[in-house]
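# for reference, the sequence and a predicted model appear below.
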Amino acid sequence: MDPRVAQFMETVKEKNPAEPEFYQAVEEVAKSLIPYIDENPKYKHAKILERIVEPERVIIFRIPWLSDQGEIEVNRGFRIEMNSAIGPYKGGLRFHPTLNLGVLKFLAFEQVFKNSLTTLPMGGGKGGANFNFKGRSDNEVMRFCQSFMTELCRHLGPNTDIPAGDIGVGGREIGYLFGQYKRIRNEFTGVLTGKGLELGGSLIRPEATGYGAVYFAEEMLKTRGEFLKGKTVLVSGSGNVAQYTIEKINDLGGKVVSLSDSNGSIYDPDGIDKDKLKFIIELKNIKRGRIKEYAEKYGCEYLEGQRPWGIKCYAAFPSATENEITEEDARLLIANGCKVVCEGANMPSTPGAIDVYMEADILYGPGKAANAGGVAVSGLEMTQNSMRLTWSREEVDKRLKEIMQNIHATCVKYGKEENGFVNYAKGANIGGFVKVADAMLAQGVV
């Protein structure tokens, strides 16, 4: 490791003990940025990198609520307001029993760069709670969301902090959260994104992260004269991002043969077509079942306790969670013919896996660039809320595609090496950094 990066990381670890996910995210960015900062001393003198890894505000609070059995339950809530140099804090809420401060700081840090790359005026933040949905009724989820928002609402506002959904926070939860915010603050504002259309939500928002990842992959492929049409594709996860990644790949003529959840993966060599996707959406979004039920219904292979990375493919879209592709998985992907890895999830590849991609010169779309479509359409939802307008599906999709094309162009601008190879990770890191850093310089030491 570059000694400058090692020295910087020692400082980060001293200030943030026991937060490995945060270290991983910062180190990946620092490897690209520290050489760039040394070439641009204005950022070094102002200690922009030291400031950008420090959250502007960390909010931790308790969430007491009443179960259906009349028992008082207590969870812990978080909001990391990471950076507001280019706009109000923007980033999702995640409800998951394993959630902790280190995971949220990594997500908030990544969000700063991701939001910057969209070119929309949004700062970075992230939040959530260590809530477990398993076995909980709709009424329990509602009471939990209401208690969560009762505490968080004092920190939110359409010009201050605008959360969205993330893992565990879909349309149902956003509706409950928005209803409680409206009740307490007595105002109908665009303080949450990912809302239902009846609450001022945007068309294409549910599809945006998955669609955007596919648009980004197509832009990368164009640089090598290739397309997804006729290609075999692996997708992990089975939630919102995975579902709409499949839908868009199908539209472009590709064939997706895998999905997964925390219990295992399915391998369907015939491909997940429109009707099968409809089954998955009902299974996961309404019945909240397990992906194994797909294998039982369609008679395909179920890989219990495994991820899908051992299956032969042309492209892979990891769309589940962080660190789901290890170095060993990456080598297996490359050996099986994979030419493209495009991240629908946040930081799904370990540092070792990324090194393997770079050694193989494959097309690698890092999450902060490739999955920025979700927050991009959240930004478009904010615009529509401010204007009291609703754009058509075609209009939002057109704007989403343009944003992903612009993000790709930024990555090429800052990531193209002398030999012509585009290091998209480096390009995304520097491209996202420059806009935020220049805004911080212009605002002085704040």
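Great, that's in hand.

# F148 reaches I63, doesn't it?
Yes. Proximity of F148 to I63 meets the contact threshold set by Cβ atoms under 8 Å, at 5.1 Å. In this view, the C-beta of every residue, glycine as well, is placed from N, C-alpha and C.

# now for these two: what residues contact both?
Shared contacts of F148 and I63 (Cβ atoms under 8 Å, 6 or more residues apart in numbering): 75, 77, 129, 131.

# can you show me the CA trace of the longest helix along the chain as PDB?
Assignment by DSSP state H gives helix 393-415 as the longest helix of the chain. Provided in PDB are the C-alpha atoms of helix 393-415 (Å, rounded to 0.1, in the frame of the first residue of the first chain):
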ATOM      1  CA  ARG A 393     -42.700   8.000 -17.200                       C
ATOM      2  CA  GLU A 394     -41.000   8.700 -20.500                       C
ATOM      3  CA  GLU A 395     -39.700  12.100 -19.300                       C
ATOM      4  CA  VAL A 396     -38.200  10.600 -16.100                       C
ATOM      5  CA  ASP A 397     -36.700   7.600 -17.900                       C
ATOM      6  CA  LYS A 398     -35.100  10.000 -20.500                       C
ATOM      7  CA  ARG A 399     -33.600  12.100 -17.700                       C
ATOM      8  CA  LEU A 400     -32.300   9.000 -15.900                       C
ATOM      9  CA  LYS A 401     -30.600   7.700 -19.000                       C
ATOM     10  CA  GLU A 402     -29.000  11.100 -19.600                       C
ATOM     11  CA  ILE A 403     -27.700  11.300 -16.000                       C
ATOM     12  CA  MET A 404     -26.200   7.800 -16.200                       C
ATOM     13  CA  GLN A 405     -24.500   8.700 -19.500                       C
ATOM     14  CA  ASN A 406     -23.100  11.900 -17.900                       C
ATOM     15  CA  ILE A 407     -21.800   9.800 -14.900                       C
ATOM     16  CA  HIS A 408     -20.100   7.500 -17.400                       C
ATOM     17  CA  ALA A 409     -18.500  10.400 -19.200                       C
ATOM     18  CA  THR A 410     -17.200  11.800 -15.900                       C
ATOM     19  CA  CYS A 411     -15.700   8.400 -15.000                       C
ATOM     20  CA  VAL A 412     -14.000   8.200 -18.400                       C
ATOM     21  CA  LYS A 413     -12.700  11.800 -18.000                       C
ATOM     22  CA  TYR A 414     -11.000  11.200 -14.700                       C
ATOM     23  CA  GLY A 415     -10.300   7.400 -15.000                       C
END
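
# need the pLDDT of V446.
Here, the pLDDT recorded for V446 equals 79.

# which residue of this structure sits farthest from its center?
G70 (35.9 Å; Cα atoms, centre = their mean).

# surely K435 touches S116?
Yes. Between K435 and S116 there is a contact under Cβ under 8 Å: 4.6 Å.

# is the residue farthest from the centre of the chain in a helix, a strand, or coil?
Under DSSP: H, G, I helix; E, B strand; the rest coil, G70 falls in the coil class.

# roughly how far apart are it and E140?
Counting by Cβ to Cβ, to the nearest Å, the gap from G70 to E140 is 12 Å.

# what residue is smack in the middle of the protein?
By Cα atoms, centre = their mean, the most central residue of the chain is N346, 4.5 Å off.

# got the phi/psi numbers for R62?
When read as degrees, to the nearest 10, the backbone of R62 gives phi -90, psi 150.

# wait, I meant M82
Dihedral angles for M82 - degrees, to the nearest 10 - are phi -80, psi -50.

# show the contacting residues for it.
55-56, 89, 91, 105, 108-109, 111-112, 123-126.

# from these, which two are the most distant?
K105 and G123 (14.9 Å; Cβ to Cβ).
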